[in-house]
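**Q** Sequence first, predicted model second:
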Amino acid sequence: MKVRNIALAIAGMSILAFTSLAQVATIEGDVKGPDGKPVQNAVVKIERTDIKGHWDTKTNKKGHYIYMGLPFGGTFNISIVIDGKMVDSRNGYQTRGEQKPVDFDLKAAQQDRSAQQAAMQKAVETGQISDDMKRGLSAEQKAQMEKDIKDRAEKMKKNSALNEAFNAGMTAMQGKQWDQAITNFQKAGEIDPTQQAVWANLGEAYVKNAEGKTGPDFDTNITKSLEAYNKAIELKPDDAASHNNYALALGKAKKFPEMQAELKKAADLDPPNGGKYYYNLGAMLVNAGQNDAASDAFKKAIELTPTYADAYYQYGVTLVSKAQIAADGKVTPAPGTVEAFQKYLELQPNGQFSQQSKDMLATLGSSVETKFTDPNAKKKKK
């Protein structure tokens, strides 16, 4: 009996051992790169989804990986990670029945992803998901795609309204219908407040609308133009044109220090056109009666753009007032005056200021009458 019992016990142990061995599984496979060659040291992440569990391994120099001792009958997601980036995955692999290799071909995976992305993009654009695509999507993917389609439709509707309002504003600007332009640009700004061009054009429309107005009407339009230009600059701080136009509006508001600062910013951001910005500064300063500051601005414009003919003329004009007149009426122009007018004529012999430049040079080379007689003096003696 004892021998028989021992034999039965040994048989039972064998059955238990066999059952124990059957409770583990192995996942293995090969990883090929986009070039078709084996990928060495790719990280293979194995994650059990039905019960929490996670295991990692790496491919060898032949691109092969293997992980033994995994739970039998589990469901796993297997991911390939290269340089910290997940490049491919297999989801829902089950360790039941016959274990087949789980291979990864990254070239085929890229092609599949490209085709899938193209199909998804087409679905989003057309607003329709094909039956074939639906079958290949998870519930989460389908929900996300439906959301993308809805978002795209709303975006297209918004863009259509934005373009309609903006284009109407530009058309009104071309027709010098400033009030209408302002209304349309304001509408465009409400639809999408992140469009820099909308605020820049709204600022210009307000400046144009201010022309010919006085008092509170002028002040209101200029103030609103400054607000619009500020928004344009906030959205695109490196846009030299916005700084230039903002500066011109500041000049109309008689905020000259701020105006100078903005024009200098424009020049710093756009050196090739720096002369133009300093010329604008000089013109605004002349209109403000700040002759010396205007002279410095025109001189800077010349330094930045040595071929800027109009800047030479305006610089010469600002220097004329600094000429010295002796007791005998002889005129001694300030240094650089004659050269400025001569340079203008050299650059633009038939330009809009050519005659004025010639007249200035003739005047500077002659005496100015300082003694005047009363034409009625003889009549008074009689």
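**A** Received the coordinates, thanks. Numbering: from 1, shown residues only.
**Q** For Ser160, the count of nearby residues, please.
**A** 11 (other C-beta atoms under 10 Å). Where C-beta positions appear, they are placed from N, C-alpha and C, glycine not excepted.
**Q** Give me the pLDDT for it.
**A** As predicted, Ser160 sits at a pLDDT of 88.
**Q** Doesn't it belong to a helix?
**A** Yes. With DSSP: H, G, I helix; E, B strand; the rest coil as the criterion, Ser160 is located in a helix.
**Q** wait, what's in contact with it?
**A** Contacts for Ser160 (C-beta atoms under 8 Å, 6 or more residues apart in numbering) come out as none.
**Q** ditto for the one 10 residues further on
**A** Contact criterion C-beta under 8 Å, 6+ apart gives 181, 201 as the residues in contact with Met170.
**Q** and what of Asn230?
**A** By C-beta under 8 Å, 6+ apart, Asn230 lies in contact with Tyr246.
**Q** Give me the below-cutoff pLDDT ranges for the stretch 51-200 of the chain.
**A** Scanning the stretch 51-200 of the chain with the threshold set as pLDDT under 70 gives 113, 115-137.
**Q** Let's see that with 80 instead.
**A** For the stretch 51-200 of the chain, the stretches with pLDDT under 80 are 96-99, 109-146, 148-154, 156.
**Q** all strands for it, in order.
**A** For the stretch 51-200 of the chain, applying DSSP state E, counting those that start in this stretch gives strands covering 53-58, 64-71, 75-82, 85-94, 104-105.
**Q** Just checking: what are the partner strands of the second one?
**A** By that I understand strand 64-71. Partners of strand 64-71 in the sheet, by DSSP bridges, are strand 24-32 (antiparallel).
**Q** Pull the helix or strand just after the partner strand out as CSV, backbone CA atoms only.
**A** Going down the chain from strand 24-32, the next helix or strand is strand 43-48, by DSSP states H and E. What follows is strand 43-48 as a C-alpha-only set of coordinates in CSV (Å, rounded to 0.1, in the frame of the first residue of the first chain):
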residue,chain,number,x,y,z
VAL,A,43,12.8,48.9,-26.1
VAL,A,44,9.8,46.4,-26.2
LYS,A,45,7.2,47.4,-23.7
ILE,A,46,4.6,44.7,-22.7
GLU,A,47,1.6,45.9,-20.8
ARG,A,48,-1.2,43.6,-19.6
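**Q** Strand 43-48: partners in the sheet, and parallel or antiparallel?
**A** With DSSP bridges as the test, strand 43-48 is paired with strand 53-58 (antiparallel), strand 75-82 (antiparallel).
**Q** returning to what we had before: Ile302 is nearest to which of the strands of the stretch 51-200 of the chain?
**A** Proximity to Ile302 (C-beta to C-beta) singles out strand 85-94 among the strands of the stretch 51-200 of the chain, at 55.8 Å.
**Q** re the thing from before, ok, and which of the strands paired with strand 43-48 has the densest surroundings?
**A** Comparing the strands paired with strand 43-48 by mean neighbour count (mean count of other C-beta atoms under 10 Å), strand 75-82 ranks first with a mean of 19.
**Q** what does that one contact?
**A** 27, 31, 39, 42-50, 70, 86-95, 102, 104, 106.
**Q** Now, of these, which are buried?
**A** 27, 31, 39, 42-48, 70, 87-88, 93, 95, 102, 104, 106 (16 or more other C-beta atoms under 10 Å).
**Q** and the helix or strand that contains Lys276, what's its mean pLDDT?
**A** Lys276 belongs to helix 274-287 when elements are defined using DSSP H and E. Averaged over helix 274-287, pLDDT sits at 88.
**Q** Show me what the helix or strand that it is followed by is packed against.
**A** Moving toward the C-terminus from helix 274-287, the next helix or strand (DSSP H and E) is helix 291-304. In terms of contacts (3 or more C-beta pairs under 8 Å, 6 or more residues apart in numbering; DSSP states H and E), helix 291-304 is packed against helix 274-287, helix 309-320.
**Q** closest one to Lys322 among the strands of the stretch 51-200 of the chain?
**A** Nearest of the strands of the stretch 51-200 of the chain (C-beta to C-beta): strand 85-94, 69.4 Å.
**Q** Check what contacts the closest one and list those residues.
**A** 27, 49, 73-81, 102, 104, 106, 109.
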